[in-house]
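Q: test case, fold it:
(2 chains)
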Number of protein chains: 2
Amino acid sequence: MNQQIREAQYAVRGELAIRSEELKNVCPMTGVNLPFSRVVGCNIGNPQALDQKPITFFRQVASLVEYPELLKEENAEIVSRLYPSDAVARAKLLLKHVGSVGAYSHSQGIPHIRENVAKFISERDGYAADPSKIYLTQGASAGVQLTLEMIIEHNKVGIMIPIPQYPLYTATLAVLDANPVPYYLDESKGWGLTTKELQRSFDEAVQKGIETRALVIINPGNPTGQCLTEDNMREIIEFCRKNKVILLADEVYQTNIYRPKDRPFHSFKKVLKSMGSDYEGFELISYHSISKGMIGECGRRGGYFECEGLCDTVLEQIYKISSISLCPNVQGQIMVDLMVDPPKKGDPSYEQYKKEYDDIYSSLIKRAAILEETFNSLEGCTCNSADGAMYLFPQIRLPKKAIEAARAAGKEPDHFYCMAMLESTGVCMVAGSGFGQVEGTAHFRSTFLPQPELFADFCSGIKNFHADFMDRYRD
Amino acid sequence: MNQQIREAQYAVRGELAIRSEELKNVCPMTGVNLPFSRVVGCNIGNPQALDQKPITFFRQVASLVEYPELLKEENAEIVSRLYPSDAVARAKLLLKHVGSVGAYSHSQGIPHIRENVAKFISERDGYAADPSKIYLTQGASAGVQLTLEMIIEHNKVGIMIPIPQYPLYTATLAVLDANPVPYYLDESKGWGLTTKELQRSFDEAVQKGIETRALVIINPGNPTGQCLTEDNMREIIEFCRKNKVILLADEVYQTNIYRPKDRPFHSFKKVLKSMGSDYEGFELISYHSISKGMIGECGRRGGYFECEGLCDTVLEQIYKISSISLCPNVQGQIMVDLMVDPPKKGDPSYEQYKKEYDDIYSSLIKRAAILEETFNSLEGCTCNSADGAMYLFPQIRLPKKAIEAARAAGKEPDHFYCMAMLESTGVCMVAGSGFGQVEGTAHFRSTFLPQPELFADFCSGIKNFHADFMDRYRD
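A: Okay, here's the model as predicted:
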């Protein structure tokens, strides 16, 4: 068996998640007496699994394209009692371009939808985007995997990744037998990123004979939630140019922005373009997804990436490699269309869309603040605010006795802590060791996605668990 | 850039397909005068792109799960005028197990759906199947790619593939830097497969220092359409055991069987199990898909593979590697559920389902026969019957002048022929060189999926083109 696959680790769905699945099955089926009434999956940004209601308009369109009979004239009257007219119009328009959701599409994605993505990008950034440089994918993860596979040509290639990072990156690099080149985010400065640290990381890799080809930036950060300033982004672009590395911008949380005045989202594409023609030919790949934001359509697997500055030969190769998998699933592509072109003011569905979107957004801000406060109230625990994304990544200083107990069990201390939390509260978080952290520190990642009406209970459950845990292990 | 990616070839969506896309855009947009009124994509088994109507019941369920409002009591009366009661019941049942089609599911696939797949397999074969050994995937291609990635641990690994083969295999092996170990199907014996030829192929690879780890069998064949007898399958299983190779059974065309009395489909799983306990621990992976059969839901990307005889460690690794991509898209999984558990006799939708299914089936048999006859009527062309699948793979003996003209244009002769056909008729087929063929022969692959009402025109277009081509180049 492929050794690289053995070595890949993917903590977000690792041992803790597997145990939480077992616990889910135990509760209702066997009547085993558990100390909690439900398992709460905070290990992964999966809002609809925690009952976040999907955006109605998006689902209406998805429902109509599945069953084109509904769009026939003879059904118009009945259908109008179930679906608004703009959903019907959008479904008709999409089917005109798509044909059938059951047919393979263009391997790069349906041209009409790529055009709409390009429009969205140019409106967002104020700079043109080219549909021929946009590739629709089955979620951002698939895009990241595909582009890393393109870039990595031998086992001396290095890819710079933040620590802490989203484990998609280390797992994919392990599978592709490439070298993670870690740069550290500074927890004491709100998970800040300096080009000094980038250069240290790059230079160290050079010394080890590693050929660094790309820099991954996750902005807003995952698991760390920080959002970069424009100045910082300009420095990063300069760093890439100087050191001849491709910039891979994971921007899937671009609408999960919780301090929009202090820390608005800027895309790397926009910042790059604002730097003028000196930077022409600069290589940037930017990823986006339908799984995050206020949409949260994770199970559908949809997303895209945009290539900037790549030569035509490489673009053709990306097309070819996409074509081996035939096409991204068409319903995922349709959700990309809806994400980039939602109802507009004046449309019949606009008010409902806006209310649903805003409600989710303001509730996320509230829940992030409550959970941050909860974490900061725990003995030995400190937690930075989330500027964006869906996670908090608190640091926890565990008592020696707990660390010893963990070692005795053959586990990382943070993993031991998270497992204890899962077994006693049913809450599944992910240990910091799965994301990477400064040696000797311990963290964990939690989403703030549990249901608003259950959120107070969720937080008090964590508090009680933590107090008990500390009582048990306090030095 | 990764050199292996450069080397991968995927003819089904290669130069001919790209040119056909250009031609599609040319017709309506520029008014360029083309010698045909529409482009007909026979390069790929994509039935709904050629207007095959999807199975109504399947789409009704897919439509309902997208928009759960429809399942509420207050909408029951209106909804009952658009959807039959069994579609409503199925949608409710699925949502009970799935939660939301917008949530990530279990990485291996929704447990309820895997249970239904296991039931389907055990009813088909008469031998038990285990849901924990079934992995839902985004189409069979994704399953093949994942399992090959698992098996291939270094660049001396070889995988036996038929020649002609479906180019997914050579493309994936190129990307993974592994060695195709070709065995030839015997065209003169209806694309027959002998273990003598398998052994020759295996032994030759040994001599070259290649470590052959797996044997790919495509049954029914693609592009060749043959269907294996049980005796032949037993020999193949014995061959694998003797030579210690895993059997990879691509069975995506298992319901596209056109001579069910003479050449019924047998699954390798069933044949293996029928061989008794001596074969316990025999390693077999079998693939299936929602894209083929009478379903043709290609754009949805759904399928599964079943593992037999693999040890738990490997199964865990397959789970882990699946989890990096989070989950197969949920709508694709739902279509797998519908495929393995369609309406039953007595259900409100049964009659319509059966009629739709049978109509497609009988029409495919008819169209296969007409196209075979057409090919056999062409000067210098011979074509085996299709026992199954969706393709014919005729051999064509091209005149010397045509071969010289091809060489002068820097093209393979069969590619030259297919390109001439595309430019003059709008019909896109794929040259045999994309699938592999005996040195010095020329073939092409065509689906028999063009619309029944256009089929006579389609065939006469080919005849006229061929006559003109031969007149032009006849020696």
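Q: per-residue confidence at A:Tyr473?
A: Predicted confidence (pLDDT) for A:Tyr473: 96.
Q: how many other residues sit next to the closest residue to it other than its chain neighbours?
A: Of all residues not flanking A:Tyr473 in the chain, A:Ala402 sits nearest, at 3.8 Å (Cβ to Cβ, 6 or more residues apart in numbering or on different chains). In this view, the C-beta of every residue, glycine as well, is placed from N, C-alpha and C. By other Cβ atoms under 10 Å in any protein chain shown, the residues close to A:Ala402 number 23.
Q: ok, A:Asp398 to A:Glu412 distance?
A: Let me fix one detail, which is that residue A:398 is Leu and not Asp. 10 Å (Cβ to Cβ, to the nearest Å).
Q: sorry, slip of the keys, the one I care about is A:Ala368.
A: Remark: distance between A:Ala368 and A:Glu412 (Cβ to Cβ) = 26 Å.
Q: got it, and A:Ser460?
A: Relative to A:Glu412, A:Ser460 is positioned 27 Å away (Cβ to Cβ).
Q: which of the two has more neighbours?
A: A:Glu412 (18 against 12).
Q: now for that one: which residues touch it?
A: Going by Cβ atoms under 8 Å, 6 or more residues apart in numbering or on different chains, A:Glu412 touches A:406, A:431, A:433, A:442.
Q: give me the pLDDT for it.
A: A:Glu412 is given a pLDDT of 94.
Q: swap in A:Leu34?
A: 82.
Q: please apply the same query to the one 3 residues further on.
A: According to the predicted model, the pLDDT of A:Ser37 comes to 85.
Q: distance of it from chain B?
A: Going from A:Ser37 to chain B by Cβ to the nearest Cβ, to the nearest Å gives 18 Å.
Q: tally of neighbours for that residue?
A: 8.
Q: so it, which state does it fall into?
A: Three-state call for A:Ser37 (DSSP: H, G, I helix; E, B strand; the rest coil): coil.
Q: whatever residue of the stretch 351-475 of chain A ends up closest to chain B - how many residues pack around it?
A: Nearest residue of the stretch 351-475 of chain A to chain B: A:Leu449, at 11.0 Å (Cβ to the nearest Cβ). When neighbours are defined as other Cβ under 10 Å, A:Leu449 has 28 of them.
Q: now for A:Leu398 and A:Glu412: what residues contact both?
A: Shared contacts of A:Leu398 and A:Glu412, defined by Cβ under 8 Å, 6+ apart, comprise A:406, A:442.
Q: now the contacts of A:Glu412 as JSON lines including pLDDT and secondary structure?
A: Formatted as JSON lines, the contacts of A:Glu412 follow (pLDDT from 0 to 100; DSSP: H, G, I helix; E, B strand; the rest coil):
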{"residue": "A:Ala406", "pLDDT": "96", "secondary structure": "helix"}
{"residue": "A:Ala431", "pLDDT": "95", "secondary structure": "strand"}
{"residue": "A:Ser433", "pLDDT": "93", "secondary structure": "helix"}
{"residue": "A:Ala442", "pLDDT": "96", "secondary structure": "coil"}
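Q: thought A:Lys411 was touching the residue nearest to A:Tyr473, still the case?
A: No: the criterion here is Cβ atoms under 8 Å, and A:Ala402 misses it with A:Lys411 at 10.8 Å.
Q: what touches both of the two?
A: Common contact partners of A:Ala402 and A:Lys411 (Cβ under 8 Å, 6+ apart): none.
Q: all strands for the stretch 201-350 of chain A, in order.
A: A:211-218, A:246-250, A:284-289, A:303-308 (DSSP state E, counting those that start in this stretch).
Q: what's the closest of these to chain B?
A: Across these, closest to chain B is strand A:211-218 (Cβ to the nearest Cβ), at 9.6 Å.
Q: that closest one and chain B, are they touching?
A: No: judged by Cβ under 8 Å from any Cβ of the partner chain, strand A:211-218 stays clear of chain B, getting no closer than 9.6 Å.
Q: ditto for stretch A:241-249
A: No: Stretch A:241-249 stays out of contact with chain B when judged by Cβ under 8 Å from any Cβ, the minimum separation being 10.7 Å.
Q: quick one: contacts of that stretch?
A: So stretch A:241-249 is in contact with A:144, A:147-148, A:151, A:159-160, A:199, A:202, A:212-217, A:219, A:236-237, A:240, A:267-269, A:279, A:282-287, going by Cβ under 8 Å, 6+ apart.
Q: next one: stretch A:1-14
A: A:43-44, A:166-168, A:170-172, A:174-177, A:430-431, A:433-435, B:107, B:149-153, B:314, B:317, B:320-321, B:323-324, B:326.
Q: could you redo the last one with a cut-off of 7 Å?
A: A:43-44, A:167, A:170-171, A:174-175, A:177, A:430-431, A:434, B:107, B:149-150, B:152-153, B:314, B:317, B:320-321, B:323-324 (Cβ atoms under 7 Å, 6 or more residues apart in numbering or on different chains).
Q: no more questions from me, cheers.
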